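In: 3D model of this:
(chains A and B)
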Amino acid sequence: MLGNGKRDAASAGSRAVQVAFLVGLLLLWYVATNYWGVSHLLLPEPVQVFWQFVDIIKTGEYIDDLKVTLGELATAFAVSCTTGVTLGYLISRSQYLIRVFEPLFAGIYAIPIILFLPLYVLMFGLGPMSKVALGTTISFFPIVLSTIAGFGYVERTYIVSARSMGASEYQLFRYVLLPAALPVILTGMRMGFTVALLSIIGSETIASLAGLGHRIVHLAEGMDMARMFAYIAFVVAIAAILNTVVSSLEAGGRRR
Amino acid sequence: MTGEVAIRVRDVSHHFGEEDDARHVRALLDTSIDVARGELLCLIGPSGCGKSTLLNVVGGLLEPTTGTVEVAGKPVRGPMPADIAYVFQENALFPWNTVFENVMLGMLFQGVPKAERDDRARRSLEAVGLAEFSDHYPAQLSGGMRQRAALARALSLETGILLMDEPFGALDEQTRMILGEDLSVLLSRTDKAIVFVTHSLGEAVFLADRVAVFSARPGTIKQVISVDEPHPRNPEFVTSAKFTALRNQLYSLLHDEIRKAMSESAMRGGAGHRGSVAGDSA
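Out: Numbers count the residues shown, from 1 in each chain, chains lettered A, B, ... in the order given. This is a model prediction of the structure:
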């Protein structure tokens, strides 16, 4: 809002340094593999990786794996958002329930839920279901916790003054509770999305039949290093795009 | 300034907590008072004397343990948005809405027909001098301007009664003074019945037609003092002998009560000042 020009200039400056850093890293990679004799089995040559990347995009080979991974992610995120927001809202309606469940969920959130993966594989098999279950479990906690925080700690005067002006239950929810809670809930959803993405791709590399994580491990086991690196780059790009989209959705929601 | 009775309070007592609970507090005891249309009544007293409790009972935000409150001839059994508007100490504007939207929302809650809202919002914002700040968010305004906006929202509801709970309590002395003067001008144009809770002796004398002085816990009205001076009151009133005399009278009445309240809470086991502050917010 204030001093936009100055801040834009400052962010353009730091953006330039970030780009220079990445270019330097690529350059170092090129020199190390072409002139310093680093084994191409450990670190493939960047130009080769680039052509593999182009090939992956051109042939559309990635599409099946991408569909699997995004399908798992979308299902897990949809389930955790629905259950997390609903449960969080219900819990936030009672001080007693908040006292019981908030510390409980916060405690569970702190343990490494990835440990449940072997259990989920036993229960749901190697297919997408076990990834969906893990992604749901992991992203449920930040979402439910932020929903409780968002709805449970609304400034009391807002509620009292709305009631004194005659707000109905619906109006109180629509015009007071929801706008007060939304920024907090959206932050929880963004965190939930990030951990769901991480855990789903991560678990695909551990035990799976398909998906981007599965493909990367498959290529590594076949010693196809250049193509594996190209896939890693592809996943990084997908993750960056998804996180940017989610962050801008969050920022858009906050403004309202 | 005598007209028909707008607020009738009869033998109202209010207790917090159960009778045998250690935290049981008799906040208000057998209090009776009438407020006429067009009259501004200030409630003043030591912390924890029940003045905010009385205000909330009148507003229907608290149910009295015993006694009755009538507003516009109807018994109060909950918020009465058609008859009563509130101005709180702070944080009553919704930060996610602009000043204009805040005013509009109050009327939406109250049930004002859509066609009227826009016009009434503009008029009330003009009345408090905030017309140019309609599209600002509360965070972009000073504390004094936020309270003006809260007042505009209350005025737009066009209720017969306005309850103000230390509306200028969080503001600095100068801002308070200016807002007090502006409020006095605004009041001279309406025939609202207003109940105004304050800690400030000067504010009470400057604004009120009558000042009700509360005694310490259990709180009740100890004495009512009339300030016979027409609204709008100009700043010179503050320097007049009449103002000083009334202020001194209030001071001596209050001084005893505050001493009593302090020594009482000190005897109640060292909770001392903190106890009385907590009691006041209740």
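In: C-alpha from now on. contacts and neighbour counts both.
Out: Will do.
In: Give the closest residue to residue A:101 in space, chain neighbours not counted.
Out: Of all residues not flanking residue A:101 in the chain, residue A:91 sits nearest, at 7.6 Å (C-alpha to C-alpha, 6 or more residues apart in numbering or on different chains).
In: tell me the contacts of the one you found?
Out: Counting by C-alpha atoms under 8 Å, 6 or more residues apart in numbering or on different chains, residue A:91 touches A:97-98, A:101, A:148.
In: tell me which of those residues is nearest to chain B?
Out: residue A:148 (19.5 Å; C-alpha to the nearest C-alpha).
In: Over to that closest one. Which of the three states is it?
Out: Following DSSP: H, G, I helix; E, B strand; the rest coil, residue A:148 is assigned to helix.
In: can you give me the helices in the chain?
Out: I went with chain A, as the question did not name one. A:4-34, A:46-59, A:62-92, A:95-109, A:117-124, A:128-152, A:156-164, A:169-172, A:178-206, A:212-221, A:225-255 (DSSP state H).
In: wait, I meant chain B there
Out: For chain B, helices defined by DSSP H occupy the ranges B:51-58, B:99-110, B:114-127, B:143-156, B:173-188, B:201-207, B:241-267, B:272-281.
In: Quick one: the ones you listed as JSON lines, columns for mean pLDDT, distance to residue A:251 and mean neighbour count too.
Out: Shown next, in JSON lines, are the helices of chain B (pLDDT from 0 to 100; distance: least, C-alpha to C-alpha, whole Å; neighbours: other C-alpha atoms under 10 Å in any protein chain shown):
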{"stretch": "helix B:51-58", "mean pLDDT": "90", "distance to residue A:251": "39", "mean neighbour count": "25"}
{"stretch": "helix B:99-110", "mean pLDDT": "95", "distance to residue A:251": "21", "mean neighbour count": "24"}
{"stretch": "helix B:114-127", "mean pLDDT": "93", "distance to residue A:251": "30", "mean neighbour count": "17"}
{"stretch": "helix B:143-156", "mean pLDDT": "92", "distance to residue A:251": "26", "mean neighbour count": "24"}
{"stretch": "helix B:173-188", "mean pLDDT": "85", "distance to residue A:251": "36", "mean neighbour count": "16"}
{"stretch": "helix B:201-207", "mean pLDDT": "91", "distance to residue A:251": "44", "mean neighbour count": "22"}
{"stretch": "helix B:241-267", "mean pLDDT": "83", "distance to residue A:251": "50", "mean neighbour count": "16"}
{"stretch": "helix B:272-281", "mean pLDDT": "39", "distance to residue A:251": "36", "mean neighbour count": "15"}
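In: Just give the number of residues close to residue A:222.
Out: Using other C-alpha atoms under 10 Å in any protein chain shown, residue A:222 is surrounded by 10 other residues.
In: which ones are touching it?
Out: Under the criterion of C-alpha under 8 Å, 6+ apart, residue A:222 has no contact partners.
In: ok, now how distant is it from residue A:210?
Out: Applying C-alpha to C-alpha, to the nearest Å, the value for residue A:222 to residue A:210 is 16 Å.
In: who's in contact with the most centrally placed residue in chain A?
Out: By C-alpha atoms, centre = their mean, chain A has its centre lying nearest to residue A:194, at 1.5 Å. Taking C-alpha under 8 Å, 6+ apart, we find residue A:194 in contact with residue A:243.
In: 10 Å - rerun?
Out: A:77, A:135, A:138-139, A:188, A:239, A:242-243, A:246 (C-alpha atoms under 10 Å, 6 or more residues apart in numbering or on different chains).
In: Counting neighbours, which of those comes out on top?
Out: Greatest neighbour count in the contacts of residue A:194, by other C-alpha under 10 Å, goes to residue A:135: 33 neighbours.
In: And that residue, how far from chain B?
Out: 33 Å (C-alpha to the nearest C-alpha, to the nearest Å).
In: Chain A contacts on the stretch 1-150 of chain B?
Out: Residues of the stretch 1-150 of chain B lying close to chain A by C-alpha under 10 Å from any C-alpha of the partner chain are B:59-61, B:78-97, B:105-111.
In: change it to 6 Å
Out: Residues of the stretch 1-150 of chain B found near chain A (C-alpha under 6 Å from any C-alpha of the partner chain) are B:79, B:81, B:92, B:106, B:109-110.
In: Throw together a ChimeraX command that grabs the buried residues out of the contacts of residue A:91.
Out: Entered in ChimeraX, the line below selects the buried ones among those, by 16 or more other C-alpha atoms under 10 Å in any protein chain shown:
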select /A:98,101,148
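In: Rebuild the contacts of residue A:91 as TSV, extending it with distance to residue B:17 and pLDDT.
Out: Putting the contacts of residue A:91 into TSV (distance: C-alpha to C-alpha, whole Å; pLDDT from 0 to 100) gives the following:
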residue	distance to residue B:17	pLDDT
A:97	22	95
A:98	22	94
A:101	26	94
A:148	27	96
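In: low-scoring stretches of chain A, by residue?
Out: Where chain A drops to pLDDT under 70, the residues are A:1-6, A:254-256.
In: ok, how many other residues are close to residue B:33?
Out: Residues near residue B:33, counting by other C-alpha under 10 Å, number 14.
In: what bridges to it?
Out: Here residue B:33 sits in beta bridges with residue B:9, going by DSSP bridges.
In: I'd assumed residue B:9 was in contact with it.
Out: Yes - using C-alpha atoms under 6 Å, residue B:33 makes contact with residue B:9 at a distance of 5.1 Å.
In: how far away is residue A:164 from chain B?
Out: Distance of residue A:164 to chain B, given as C-alpha to the nearest C-alpha: 5 Å.
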